[in-house]
Each structure stands twice: as C-alpha cells, then as structure tokens.
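Student: could you look at this predicted model? Sequence included:
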Amino acid sequence: MARYILTRLLGLLFVLWVLSMITFWLMHDVPGGPWAYGQQLMSDQQLEALKIRYGLDKPVWQQYLIWLGGVVRLDFGMSFKHPDESVMALIGRTWPVTLHLGLLTLLVAFGIGIPLGIVAAMKQNTWIDYLATLLSIFGFVTPHFVWGILFILAFALYLKWLPTGGWEGPQYWILPVLAYAFAPIAMIARYTRASVVEALRADHVRTARAKGLGERSVMSHHVLRNALIPMVTVFGPLIPDLITGSIFIEAIFRIPGLGSYWVTSTFDRDYPMIIGLVMLWAVLIAITYLITDVLYVFLDPRVRIR
C-alpha cells in the first residue's frame, strides 16, 4: 500500500509539472496583459517599470523557471492586482472561509442525498420514489444562484428569519449552505438510488433473502457496501469542486471567500493568482482520486493493490 501511494504521489508531481507548464504558456499567450485596461493612463516608462518589477520583460521560458524555483519554496509570487499581498497570503486569507462553506455543504448534501436515494430505491415505483426523482430534477436544472435569490427573498426579506448575507455566525451560514447544497443533493440522491437499485437486483442479494436474512442485514451487509463502490467514483470529484469556491453563492451572500478570485484574476490577467488557483484545484483533484482508489481496496475485496 505504501509503495502504491508513493508511486501515485510521484505521478502526481509529474502531472502538476505538466499542468503548470501548459497553464503558464496559455495565460501568457492570451492577448492583452495585466495592465491592458490601464495602458492609456500610464506612460511607456511606467509600463516598462512594471514589467521589470514582475519579471515580465524576460522570455516566457525564463519566467517559468523563476516561478518554478519559487514554487519549490512554496512561493507563488506576488499578485498583480494586490501588489502588497502574495498569492499564498491571499489564498490563506480567503480559502478557509470557502473551505468552511464547502465542508458544511458536503455535510448537508451527503446527509440528505444518500438517505433520500436509499429510501427512493427501497420504495421503488412508489410516490416516495417519484417525489425524490422530482426533487432531483429540480435540483439539477435549477442553478444554485437561483436558489440563493429565492431563499433571500423568502427567508430574509419576506419572513425575516435569517440575514441576507455575511459570514459572521451560524445564522449566516444556513441560506448559502442550503442554496449551494441543492444541486449536490440532487446528484447524490440520483446516483445513490441508481446504485442501490442495481445492487438490490444482484443474485447474491436474492440468495441472502432466500436464506432468511433480515432486511436490515441484507441492506447493511450486501446492498449498501456494494452500492458504495460506484458511488465513490461519482462523489469523489464533487468534493474539490465544492471546497474551491462558488462565484455566485459567495457574491450573492457577500461571503469573503476564494470564489470571486477565479473570475477576477482571469479578467485582470493576474498570472500568479491564476496559476496558484489552478494548482490548488489540481492538487485537490489528484488527492481526492488517490483517496478514492485507496477506498476501493476496503470496499471491494476483489481489488488488490500491488
């Protein structure tokens, strides 16, 4: 197991290196520059001074090597948009809020979606199944920023039960978490139902029931464990997406998180921030898939790691 994990981590480093080169080349190849919108307000000497300050006067390959040397020391450079703050400092200041939002959303999504999918599968072709399917469809087709606006109108402005935005305490967390969790709940419930229905039709489940095992024992030992295998594959990539920020949810509820930087850094051509965010997302994706592969060993006895 240790050898497998070490091999995967070395492969992860190679993938991150290739991804960093592609990202670095693409963002420098896009027309415009970090100060394209302010060129009319600056002289040529001022623009040249800025390029020299941030090393943009050098060839791209040389800029990349300098950046790569900084990454080894966990230094992703200074943000162009926020020149007094490094990329690591910006991420360290804003990502904890986004991570908090994402983890609460994951807790709610899994806590509601998995039981809802299991109940829908056990009550297949009943009104409970149809209701769960209808809720899943609504969750899929409705963007979470629409739910956010509806929740603000209903619970904050009309009923006045909860604040309209902010992140100061538990009462501020309820609306953004529910709005953010609607789509994941729908996806988790749908895939859980499909996976459990497939497991219920398996031959070994019919054999277990024929031997007289109780329904609870059949579900816990023979159905759910086998149903978890495909669910892990689907749910794994969901985690990095939720904990790296939602542009719309954070904007609607005025949450000081990382989500807005995904857009602003691209528009501002903030190269260090762009590649820092891409690397953060890539690392989270890679670690999630590694954990998913390791979980297979414990969930499926047919899987062996050599």
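Tutor: Great, that's in hand.
Student: tell me which residue is most central in this structure.
Tutor: Most central in the chain under Cα atoms, centre = their mean is Asp241, positioned 1.3 Å from the mean C-alpha point.
Student: what helix or strand does that residue sit in?
Tutor: Secondary structure from DSSP states H and E places Asp241 in helix 238-243.
Student: next: Leu150.
Tutor: Using DSSP H and E, Leu150 falls in helix 144-151.
Student: what lies in contact with that helix?
Tutor: The contact list for helix 144-151, computed with Cβ atoms under 8 Å, 6 or more residues apart in numbering, reads Leu175, Pro176, Leu178, Ala179, Tyr180, Phe182, Ala183, Ser246, Phe248, Ile249, Ile252, Phe253. Where you see a C-beta, it was placed from the backbone N, CA and C, and this is true even at glycine.
Student: buried residues, the helix holding Asp241. List them.
Tutor: Leu238, Ile239, Pro240, Leu242, Ile243 (16 or more other Cβ atoms under 10 Å).
Student: for the next helix or strand after it, packing partners?
Tutor: With elements assigned by DSSP H and E, the helix or strand that comes after helix 238-243 is helix 247-252. Applying 3 or more Cβ pairs under 8 Å, 6 or more residues apart in numbering; DSSP states H and E, we find helix 247-252 packed against helix 87-122, helix 144-151, helix 170-200.
Student: buried deepest among these, which one?
Tutor: Greatest average neighbour count among the helices and strands packed on helix 247-252 goes to helix 170-200 (a mean of 21), per mean count of other Cβ atoms under 10 Å.
Student: buried residues in the following helix or strand past that helix?
Tutor: Sequence order places helix 203-210 as the next helix or strand after helix 170-200, per DSSP H and E. Within helix 203-210, the residues scored as buried using 16+ other Cβ under 10 Å are Val205, Ala208.
Student: distance between helix 203-210 and the chain's centre?
Tutor: How far helix 203-210 lies from its chain's middle: 38 Å, per Cα atoms, centre = their mean, to the nearest Å.
Student: out of the helices and strands packed on helix 247-252, flag the one nearest Val218.
Tutor: helix 170-200 (8.8 Å; Cβ to Cβ).
Student: between the closest one and helix 87-122, how big is the angle?
Tutor: 50 degrees (axes from the mean of the first three to the mean of the last three Cα atoms, to 10 degrees).
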